[in-house]
Each structure stands twice: as C-alpha cells, then as structure tokens.
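J.: No letters, just coordinates:
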C-alpha cells in the first residue's frame, strides 16, 4: 500500500515542502531514498523502538520510503514523526483518510515522546501558503508556529496523541496566539536602561544620533570607561520593531532553534560574539549553511568588543554584508541568502596597554605603539563606520550622584520621531529607509549645505586634516542631527557637532 505524508525542509530562511512516500510490498528490507543524511538514515532505529514501546511495530515486509523532491538534500532528525506516521498508515495499522491535509514534523525519542525541531516558523508560513489545514509538531515549538494565522497548529508531547488523532478521531488541542497582543506586550520595558548610566552625556548623545540614523559607531576609550555598558543599552533606544521586522527576525532565530517555548520576538536582537569567532560563525556558513552572528543580529545590534583583537580576515568578511545588508553563501549545489541589516557597534582600547598616550596612565604606550595597534583595523572597514567617539572615564562626582539619568523610553521617543521623518523622506526609494543607507547620489540631494556651513566644513577638514572619506560621513551624521532637531535644513551647529564624531580620521590617530 502506498501512503503520502508531508514534511518540510528549511533552506536559508525559506521552507520547501517534502513529500514522504511510503510503499509497503511483499519481501524484506528497509530502503530510504531521496538524499537523506545520516540523522534521517538512523531514524528507523528510533522509530522501531518508539512504536514497539507504544504497542505498534514496523512490519516485517519490504518498506520503500522516498523523500521527494529526491534531488534535494534533507538533513536532521525532524522527519521521525513524518516517517513513523507514513509507515503506520501504509501498513494499515492506523486510518489515514485525512493525513494528507496536515504537515507533520518532530523528532521521536525511544519512549515515543517528541523533541523540538528547528525552523518551525518558516515551515508554518509555507504550510499556510500551500493550503494545508493544519501543522502537527512538538509542543516546545508550538508558540512560534502559532504566530501564523489561517493555519491550525497542534502541539503534541507523544506520538500516541498523533496516532489517536488520525486513528480514533481523538481531537488535539489547537494553539491560538494573538500575534498583535503578544507583539505589543513588552515593547516599553527594556532590560537595560540608559537611566542606569552615570555621566557620559556626550556619549549618550552620540548613541542617540547613531540610533536615529542607523549609523554604525565605534567607541574608543580605556578599560572601565563604560563602553560595554553603553553598547548594551543601545537596543533600548532603537525604534520599536514593526510586525514585519519581528516576523523576519523570528524566522532567522527559528532556523537555528533559538525560539524554544517562545512566540514572536518583540525586542531587537543584541549579539555580542567573542573575539575568537571564525569567519563562518560570523557571516554564516558550514557544509550545510546556517545563519551567522550578523544575520542573528538582523534588525538589531551587532556588538564587537575589543575590535583589534578580532582576526583581520574575520573583520574583512563583514565589509560586503554591511554595504548590501544581506549575505549570500554559495555552495556547489545551491545558494542561500540571509538578511543582515544590522547596526554595528564596536569598542576598543586606544592602545595595547588600554590607555591613551597619557604619562599619568597606569600603563603607557608610545604613539608608535598606539598607531600600530589601531592599524589592525583596515581603512575600508572604518570607512563603513560613521561615528567615532572617544569615551573618557567617569569622574567620582558623577558616579556618586543620586539623580537618575534620562530613561531609554524618553530617548526612544526622539529617535522614533527622527526615523519617521526619514521614512517619509525616502518613501519613494526601495532599499533606503534611514540616513545611514544613503549613497553619494542621495547625499548630494538631501544634504545640501548653505555657504557658511560649507565654509565651516572646509575649514574643519583642512585644520583637523580630516580624510576624504570623512566628508560624506559628516554630511550623513549632520542630516541625522538636523532630523533630531526637527530642522529641514542642515545648519552650521549640526555640521560642527558631526565633525566631533570623526576622531579616528584626525591626524595623530591613524596618520
């Protein structure tokens, strides 16, 4: 007897429906075809034990299982439940009148309980698109799959629940999630708040500008100055995610199995990889490509602490994803593309000793040592960072103040208002949503300066010996400052403030 059961495979952040065809004939043997990997090939041992422990069995006949499309590689243990139901149905041990209406996925333990799978959200989206009535999967993944409307989602704990559902018409409990209520539930309660930061008003201001324009930022300062503390609070002042952004972000985290027992992500991601990270772990890759840290920080913040400690070749692979806001991983048989629109926040010490060229510092470094240390970061990478800011230690008077600083919620209101101005400005342009994404053509169009402002910028570039690459960056940052101030035109004050945020372009830093 021939039976068809449906599962799904995830490539990149998109799912492809897999048809599992089970045919049972006279003879002996178990043949699994359709490019399964070792985890799928081993599934017959798990399935046999699980069925036996629950009063069923794999028939002693010739079983042929084809996973179509047969030229597409299938990986992982999530097909156990699909294969088990196909075998039971084809052997006549259970009824299967309506089994083709459901997409079924799950890893089976030897006692018949189900283990969580990865990629439940993209699979549910595909099931809804292809007109399946329902999606049966492990209970641990049910909340993320239930985000999708128009699809009945059933979370189960044991294989016997699924068997009884098809064979004895015992109903399963449908999980319903109000996506919008879940999404808006905790938007205004960030875990880290800017009100915890004492002093550092100028640094907070630069972080606000970075958040308002989507600018990449690098913080340079000695140990203990508060670089990491400030960076961790940046997501709390970014504009709240839209429902579309939340779905996009949740899909990526679902693919790597980071959404267990949780629904829609409503907080922007903050990723902080260690400096020993490899190129493949940062941008994504492997023989079976998975998203890297830059994709996991999509719509959020990627924080690289102690930037010069990262391997140079690891940092260089970020150049194209920062520019294109997506990363493409090519293999001989297929290519996957992951989105990677993130804000890069980097921090670093100014020298190997950790302090500026200061004779009173605990560990001093010569100007030559400082320059050698700073030159570990390439010019092209620095060219993609709009704001460079020096962070100085907080004096005791500020640390001992009882007064709380401005909260993240208050700062976020100003940032959101500035982003709305930019959204309106770029609404006719397809891939540009905020100031940091402007190219040279848009800078000339939207960053027009009056004569006094032009003279001020010219004087600053000559006196401070600013590099040519600083020119466009200053204009973009000045545009954001004027948006925060509610000004249509870029004024001299906005230009002069933007000039302050190019520390590494000045003579004496990188030469």
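T.: Cool, the structure landed. All values derive from a computational prediction rather than experimental measurement.

J.: Please spell out which residues along stretch 135-154 are buried.
T.: Buried residues in stretch 135-154, defined by neighbour count with 16 or more other Cβ atoms under 10 Å: 135-148, 151-154. The way it works is simple: take the backbone N, C-alpha and C, and place the C-beta from them, glycine included.

J.: Please apply the same query to stretch 34-51.
T.: 34, 36, 39-40, 43-44, 46-51.

J.: Dead centre of this protein: give me the residue that sits there.
T.: residue 296 (2.4 Å; Cα atoms, centre = their mean).

J.: circling back to that earlier point, identify the farthest-apart pair in the buried residues of stretch 34-51.
T.: 34 and 49 (23.1 Å; Cβ to Cβ).

J.: if you look at the buried residues of stretch 34-51, which of them are in strands?
T.: Among the buried residues of stretch 34-51, DSSP state E puts none in strands.

J.: Redo those residues as TSV? Include pLDDT and distance to residue 287.
T.: Shown next, in TSV, are those (pLDDT from 0 to 100; distance: Cβ to Cβ, whole Å):
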residue	pLDDT	distance to residue 287
34	94	19
36	94	15
39	93	14
40	95	16
43	95	20
44	94	24
46	96	23
47	96	26
48	96	29
49	96	29
50	96	29
51	96	32
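
J.: and of the residues you listed, the nearest to residue 117?
T.: residue 39 (11.8 Å).

J.: So that closest one is in contact with residue 80, correct?
T.: No: using Cβ atoms under 8 Å, residue 39 is not in contact with residue 80; the gap is 9.2 Å.

J.: any idea how far residue 270 is from residue 345?
T.: 9 Å (Cβ to Cβ, to the nearest Å).

J.: shared neighbours of these two, which are they?
T.: Common neighbours of residue 345 and residue 270, using Cβ atoms under 8 Å, 6 or more residues apart in numbering, are 234, 301, 303.

J.: As a check, name the ranges of all strands in the stretch 251-400 of the chain.
T.: For the stretch 251-400 of the chain, the strands defined by DSSP state E, counting those that start in this stretch cover 270-271, 284-285, 290-291, 301-304, 326-330, 335-339, 343-348, 387-390.

J.: mind listing what the fifth one pairs with, with the direction of each?
T.: Sheet neighbours of strand 326-330, with direction, are listed as strand 335-339 (antiparallel) (DSSP bridges).

J.: Would you mind splitting the protein into its domains for me?
T.: Domain assignment for the chain by automatic domain parsing gives 2-177, 194-406, 438-511.

J.: can you give me how far the last one is from the chain middle?
T.: Meaning domain 438-511. Distance, stretch centre to chain centre, for domain 438-511: 31 Å (Cα atoms, centre = their mean, to the nearest Å).

J.: So for that domain, mean pLDDT?
T.: For domain 438-511, mean pLDDT rounds to 86.

J.: same deal with stretch 54-64?
T.: 94.

J.: Tell me the buried residues in it?
T.: Quick answer for stretch 54-64 (16+ other Cβ under 10 Å): 56, 58, 63-64.

J.: and what of stretch 128-135?
T.: Neighbour-count burial for stretch 128-135 flags 128, 132, 134-135 (criterion: 16+ other Cβ under 10 Å).

J.: Equivalent analysis for stretch 429-438, please.
T.: Buried residues in stretch 429-438 (16+ other Cβ under 10 Å): 432-438.

J.: Can you give the distance of that stretch from its chain's centre?
T.: Counting by Cα atoms, centre = their mean, stretch 429-438 comes out at 19 Å from the chain centroid.

J.: Just the endpoints, please. Distance across that stretch?
T.: 10 Å (Cα to Cα, to the nearest Å).

J.: now stretch 80-98
T.: End-to-end for stretch 80-98, by Cα to Cα: 19 Å.

J.: Other residues contacting the longest helix seen in the chain?
T.: When the chain is parsed with DSSP state H, its longest helix is helix 408-425. Residues from elsewhere that reach helix 408-425, judged by Cβ under 8 Å, 6+ apart: 188, 190, 192-195, 204, 208, 211-213, 233, 236-240, 433-435, 446, 480, 483-484, 486.

J.: Name the helix or strand for residue 63, please.
T.: Residue 63 belongs to strand 62-68 when elements are defined using DSSP states H and E.

J.: Partner strands of that strand, with direction?
T.: So strand 62-68, judged by DSSP bridges, has these partners: strand 14-25 (antiparallel), strand 29-33 (parallel).

J.: ranking these by burial, who's on top?
T.: Counting by mean count of other Cβ atoms under 10 Å, strand 14-25 has the highest mean neighbour count of the strands paired with strand 62-68, with a mean of 18.

J.: Can you give the distance of that strand from its chain's centre?
T.: 31 Å.

J.: Residue 476 belongs to a strand?
T.: No: Residue 476 is assigned helix when assessed by DSSP: H, G, I helix; E, B strand; the rest coil, not a strand.

J.: Would you check how far apart it and residue 217 are?
T.: Distance from residue 476 to residue 217, by Cβ to Cβ: 12 Å.

J.: what's the overlap in contacts for those two?
T.: Common neighbours of residue 476 and residue 217 (Cβ under 8 Å, 6+ apart) are residue 386.

J.: From the buried residues of stretch 54-64, pick the one nearest residue 175.
T.: Nearest member of these to residue 175, counting by Cβ to Cβ, is residue 56, at 26.2 Å.

J.: which one is residue 478 nearest to, not counting chain neighbours?
T.: In space, residue 478 comes closest to residue 498 once its chain neighbours are excluded; the distance is 4.0 Å by Cβ to Cβ, 6 or more residues apart in numbering.

J.: That neighbour touches residue 472, doesn't it?
T.: No: assessed by Cβ under 8 Å, residue 498 is found out of contact with residue 472, at 11.1 Å.

J.: Between the two, which has more neighbouring residues?
T.: residue 498 (26 against 17; other Cβ atoms under 10 Å).

J.: I'm done for today, thanks for sticking with me.
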